[in-house]
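Trainee: Coordinates only, no sequence provided:
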């Protein structure tokens, strides 16, 4: 099995190590200092679960699509920031001769609707999405640390295609120590993650606090409650579903379990802003705004939060 991992951050390196542990042939698309670090040191997966170390010769590293061998890959894992999806989908289309017949693209990213840019070029039978709520960090450029685990990674299709062919991938990730399953309802789970991320990520970044601190102020609670209400209104107006029947039902578990379990966690949006790089806000609250506009739903709180993050990003190069 030949797998190309596009995106050499914590998730990409973590999944690459997981697949290497199950004897898959792994290539990573990486550039700059990260590519140099992997070529020099190989990759590692540490933290929760079993630790893995692979030498430089165990993994191929490419920094140019033209150097990637033709007719090679059975699977492509998209593990980059969502901000790179337009460029990645364009480059994959231009370099589709690196893919074998019956290849599959699996998108391991935050947000909702990330498959849309890939569906410009590839069929629904070729593009799948994953819900990842396992926490990964990157203490060094070639090392992925599994920091948090609550539920399995879930792989499925937002286009309602049969994910059965991907069970082999799910089983290999599970065998590496991180539970992974296929599902025919990945949309419901991705919206569950959207509810969590849209309420916490941007607000925590704006206020420069960890998740738990947001539950200690009546003012931030009011903002999060409104964000959650608006997302449920969008879901109700659309063709989508999630795991809870009402915002009140979701809030019960949000405040009693989900936030307490990640009380000291700082969001990826917070980390991006600290690094002065573009956030994934367009795939989070931005997607809620897009659907709200399409279905004529008031999403004004999501819009304010979105605009504040975009205002902060204005100062980035």
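Mentor: On my side now, so go ahead. The shown structure was predicted, so the numbers you read here are calculated from the model rather than taken from an experiment. Numbering: from 1, shown residues only.
Trainee: What residue spans form the domains of the protein?
Mentor: As recorded under automatic domain parsing, the domains making up the chain are 2-184, 188-313.
Trainee: can you give me the strands for this structure?
Mentor: Secondary structure of the chain, counting by DSSP state E: strands at 2-6, 25-29, 43-47, 52-54, 60-62, 73-78, 99-108, 127-131, 135-140, 143-148, 153-156, 180-182.
Trainee: who's the spatially closest residue to residue 185 that is not a sequence neighbour bridged to?
Mentor: Using CB to CB, 6 or more residues apart in numbering and skipping the chain neighbours, the partner closest in space to residue 185 is residue 156 (6.8 Å). For glycine as for every other residue, the C-beta is placed from the backbone atoms N, C-alpha and C. Beta-bridge partners of residue 156, counted by DSSP bridges, are residue 129.
Trainee: circling back: mind giving me JSON lines with the domains of the chain and columns for mean pLDDT?
Mentor: Formatted as JSON lines, those follow (pLDDT from 0 to 100):
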{"stretch": "domain 2-184", "mean pLDDT": "97"}
{"stretch": "domain 188-313", "mean pLDDT": "96"}
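Trainee: would you list these in CSV and tack on mean neighbour count?
Mentor: Listed next are the domains of the chain as CSV, based on neighbours: other CB atoms under 10 Å:
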stretch, mean neighbour count
domain 2-184, 19
domain 188-313, 18
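Trainee: returning to that earlier point: is it possible to export the strands of the chain to a markdown table including distance to residue 233?
Mentor: Formatted as a markdown table, these follow (distance: least, CB to CB, whole Å):
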| stretch | distance to residue 233 |
| --- | --- |
| strand 2-6 | 35 |
| strand 25-29 | 39 |
| strand 43-47 | 38 |
| strand 52-54 | 44 |
| strand 60-62 | 44 |
| strand 73-78 | 30 |
| strand 99-108 | 26 |
| strand 127-131 | 22 |
| strand 135-140 | 29 |
| strand 143-148 | 30 |
| strand 153-156 | 24 |
| strand 180-182 | 30 |
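Trainee: Tell me how far residue 83 lies from residue 7.
Mentor: Look at residue 83 and residue 7: by CB to CB, to the nearest Å, they are 11 Å apart.
Trainee: quick one: residue 41 from residue 87, how far?
Mentor: On the measure of CB to CB, residue 41 and residue 87 end up 27 Å apart.
Trainee: Tell me which of the strands of the chain lies nearest to residue 197.
Mentor: strand 127-131 (11.2 Å; CB to CB).
Trainee: How far does that closest one sit from its chain's centre?
Mentor: 9 Å (CA atoms, centre = their mean, to the nearest Å).
Trainee: got the angle for it vs strand 99-108?
Mentor: Angular relation of strand 127-131 and strand 99-108 on a 0 to 180 degree scale: 30 degrees, by axes from the mean of the first three to the mean of the last three CA atoms, to 10 degrees.
Trainee: and strand 127-131, what other elements does it pack with?
Mentor: Counting contacts by 3 or more CB pairs under 8 Å, 6 or more residues apart in numbering; DSSP states H and E, strand 127-131 packs against strand 99-108, strand 153-156, helix 186-207.
Trainee: what about 10 Å?
Mentor: strand 73-78, strand 99-108, strand 153-156, helix 167-175, strand 180-182, helix 186-207 (3 or more CB pairs under 10 Å, 6 or more residues apart in numbering; DSSP states H and E).
Trainee: could these go into JSON lines alongside distance to residue 46?
Mentor: Below are the helices and strands packed on strand 127-131 laid out as JSON lines (distance: least, CB to CB, whole Å):
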{"stretch": "strand 73-78", "distance to residue 46": "20"}
{"stretch": "strand 99-108", "distance to residue 46": "19"}
{"stretch": "strand 153-156", "distance to residue 46": "18"}
{"stretch": "helix 167-175", "distance to residue 46": "17"}
{"stretch": "strand 180-182", "distance to residue 46": "19"}
{"stretch": "helix 186-207", "distance to residue 46": "24"}
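Trainee: how about the ones you listed, which one is nearest residue 31?
Mentor: Between residue 31 and the helices and strands packed on strand 127-131, the shortest separation by CB to CB is 15.7 Å, and it involves strand 73-78.
Trainee: In its sheet, which strands sit next to that closest one, and in what direction?
Mentor: Using DSSP bridges, the strands paired with strand 73-78 are strand 2-6 (parallel), strand 99-108 (parallel).
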